[in-house]
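J.: Predicted model, plus sequence, below.
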Amino acid sequence: MRETFNIGNRVNVNGAFATIRYIGELSEHQGTWYGVEWDDAAKGKHRGTYNNVCYFSVPDGKTGSFVRERHLKRGLSFLEAVEKRYQKIGTVDDTPDILNIVEMGGKDVQLITRSKDGRSAKSKTVAWNLVQFDIDLTGTDFQYASLDPSFLRATFPVVTHLNIGETLMEDLTDIFVILKGLPRLQCVTISNNVYRNPSDLKANVTFPSIRSVYCDTVNLTFSNFVEFCSNFPNLQKCSFALNGISSLEIPGQDAFTKLTEMHIQGNNLTDWKEINKLGRLPKLNLLNLYKNKLGNIQLKKEDQLFEPLDTLILADNCMKSWTDLCDISNLQNLKHVVIRDNPVCDINPDRFREEVICRCPSLKTMNRSEILADERTSAKILYVKMYHSDWLAAGGSKGAADALSCGVSEEFQKLHPTYAKLFHEHGDFEQFVEKKQNISNQLLPLVIKTRDGTGVEKTVKEAKLLGSMSVSKVKMLIARMTRLNANQFTLSYRSDKSPDIEYPIDSDLKDLKSYAIEAGDTLLVLH
């Protein structure tokens, strides 16, 4: 039977996928032509215009072409696509379980997948579909679900993962037919597809087994996505990345009630007020906002938004100053943050990490690097000293004991919401100022060098250190200078008077004076 085509149909055009955008005649050419928008932009020739006449339009670049009907082909049913991708339903898989081929001793050796009891991972006596745990139709001609769910249930009884992304699927509601036949399904991927405008994405049943949904690079709105996900009451992880969205919506009371992870990276979100629409999700633990266009964070402590959130990914956004970032302190349970590649990171790159640590008291990692206890203490002290003059100018107390009760300007409190507490905890700055002159007389000029496992020494810098400085603090200082982890190196020193003798520094609790270190000596960093 001859295939029929309509505008909006997904088609295979000589092996490449496209969507029909026009059917009709072209000027100066006889017969019917089909205007298509390619999935692969590199195949396009124009934007739907021929001889200065616009027949259809495409949103991005030259992704259009005109082709004849003989080049078009419709897609396959679910079972047809499965058999084309794998093998005929009911077939016993007797092929070797080749995992990889590697070269060993100059020969190619096949590594065979084995189960824990030593048997081959694939069953050699049962039809392959009865023991198949995942169905991956990525890149196939799958287009529609023409089947009986009960037949599918008997055919694939143990499937837990389904990927029908990057196919010819055009009606998203078709997936409900498939889901009804896969009762153990936990993860579904429907990314990189072009769907017809959906009118209703609410199924007549729910699918409680689904835990993860990936819906990246599709032509759906966030509202469509929320409606689609409402069919999965136990959903824990979802992704709606690279969809060009600039707005979100407040999910309904019954939506995303068990969601712990949401990934909406690579979109066009600019206003944090849109992000706050997700702030009442009761179990949201991780929020991925990587590579959007967010210019600031807007969070009021009294609103108590994102209370369960402990991981926030903000890398590659548009935050330019500390004013844009200061409300991050209102995420009371934040433990992990990724914030690199924002303009604010370049304001004071040598101190940026310390400032974030001080503004987020519960933080455990930053940019996926663990924050050690010594680093946290050192950062707090440095932060207090750096902004002490601003604190005084804003009406702050001179003494640390009164820090929590003094009247500081609202502007300072907004920019440095944790300063008063840190100042109260980390000593009286007045004493530091009074002793500054005396301290300067106790500074020891030392040469700091690194030495690797090959014995090569490199001078880091000449520095003046207090003789009363503990070894642990010296290590933290050197860690910042060298970008080494303080736990990954040890210290020793050479006396200027006896350059051939090296003395180990073996206790982090002692100070430099305890080792009789003098001016002109060399500190060695061994790594």
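T.: Yep, it's here.
J.: going forward, measure contacts and count neighbours with C-alpha atoms only.
T.: Fine.
J.: What segments of the stretch 1-150 of the chain are strands?
T.: 10-13, 16-26, 29-38, 49-50, 53-54, 64-67, 72-73, 76-77, 98-104, 107-112, 134-136, 142-144 (DSSP state E, counting those that start in this stretch).
J.: any idea how far residue 458 is from the residue lying closest to residue 452 once chain neighbours are set aside?
T.: Nearest non-adjacent residue to residue 452, counting by Cα to Cα, 6 or more residues apart in numbering: residue 527, 5.2 Å away. The gap separating residue 527 from residue 458 is 12 Å, by Cα to Cα, to the nearest Å.
J.: Residue 295 now?
T.: To residue 458, residue 295 is 42 Å away according to Cα to Cα.
J.: And residue 388, by the same measure?
T.: Distance from residue 388 to residue 458, by Cα to Cα: 36 Å.
J.: neighbour-wise, which of those two wins?
T.: Neighbour count, other Cα atoms under 10 Å: between residue 388 and residue 458, residue 388 has more, with 17 against 13.
J.: per-residue pLDDT, that one?
T.: The model reports residue 388 with a pLDDT of 87.
J.: just residue 84 next, same as before
T.: pLDDT, residue 84: 94.
J.: do the same with residue 92
T.: In this model, residue 92 is scored at 88, pLDDT.
J.: What's opposite it in the beta bridge?
T.: residue 127 (DSSP bridges).
J.: Tell me how many other residues crowd it.
T.: Around residue 92 there are 17 residues (other Cα under 10 Å).
J.: how much space between it and residue 84?
T.: 16 Å.
J.: partners of the residue nearest in space to the middle of the chain in the sheet?
T.: Geometric centre of the chain, nearest residue: residue 288, 5.1 Å, by Cα atoms, centre = their mean. Residue 288 forms beta bridges with residue 263, residue 313, as assigned by DSSP bridges.
J.: And the helices in the chain?
T.: For the chain, the helices defined by DSSP state H cover 78-85, 149-155, 174-180, 222-229, 272-275, 322-325, 352-359, 373-386, 388-393, 410-415, 419-425, 429-434, 436-440, 471-482.
J.: And for the fourth one, what's in contact with it?
T.: In other words, helix 222-229. 198, 201-202, 213, 215, 235, 240, 245, 247-249, 251, 255-256 (Cα atoms under 8 Å, 6 or more residues apart in numbering).
J.: In ChimeraX, select just the buried ones from those.
T.: To isolate the buried members of those in ChimeraX, using 16 or more other Cα atoms under 10 Å:
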select :201,213,215,235,240,245,247,248,251,255,256
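J.: and which of the contacts of helix 222-229 is nearest residue 505?
T.: Closest approach between the contacts of helix 222-229 and residue 505, by Cα to Cα: residue 240, at 53.2 Å.
J.: before we move on, the earlier item: how about the strands of the stretch 1-150 of the chain, which one is nearest residue 184?
T.: Of the strands of the stretch 1-150 of the chain, nearest to residue 184 by Cα to Cα is strand 134-136, at 10.8 Å.
J.: which strands and helices sit next to that closest one?
T.: In terms of contacts (3 or more Cα pairs under 8 Å, 6 or more residues apart in numbering; DSSP states H and E), strand 134-136 is packed against strand 161-163.
J.: Can you give the strand pairings for the strand it packs on, parallel or anti for each?
T.: strand 134-136 (parallel), strand 187-189 (parallel).
J.: Please tell me I have it right and residue 341 contacts residue 320.
T.: No - Residue 341 is beyond contact range of residue 320, at 10.5 Å (criterion: Cα atoms under 8 Å).
J.: can you tell me the average pLDDT over stretch 232-244?
T.: 97.
J.: start the count at 44, not 1, going forward
T.: Understood, numbering begins at 44; the last thing we discussed is stretch 275-287.
J.: Can I get that stretch in CSV, CA atoms only?
T.: Presented in CSV, the C-alpha positions along stretch 275-287 are these (Å, rounded to 0.1, in the frame of the first residue of the first chain):
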residue,chain,number,x,y,z
PHE,A,275,4.8,9.2,37.2
PRO,A,276,3.9,9.6,40.9
ASN,A,277,7.2,8.1,42.1
LEU,A,278,9.5,10.1,39.8
GLN,A,279,12.8,10.8,41.5
LYS,A,280,15.0,12.2,38.7
CYS,A,281,14.1,14.2,35.6
SER,A,282,16.0,16.1,32.9
PHE,A,283,14.6,18.8,30.6
ALA,A,284,17.9,20.2,29.2
LEU,A,285,18.8,22.1,26.0
ASN,A,286,15.2,23.0,25.2
GLY,A,287,15.6,26.8,24.9
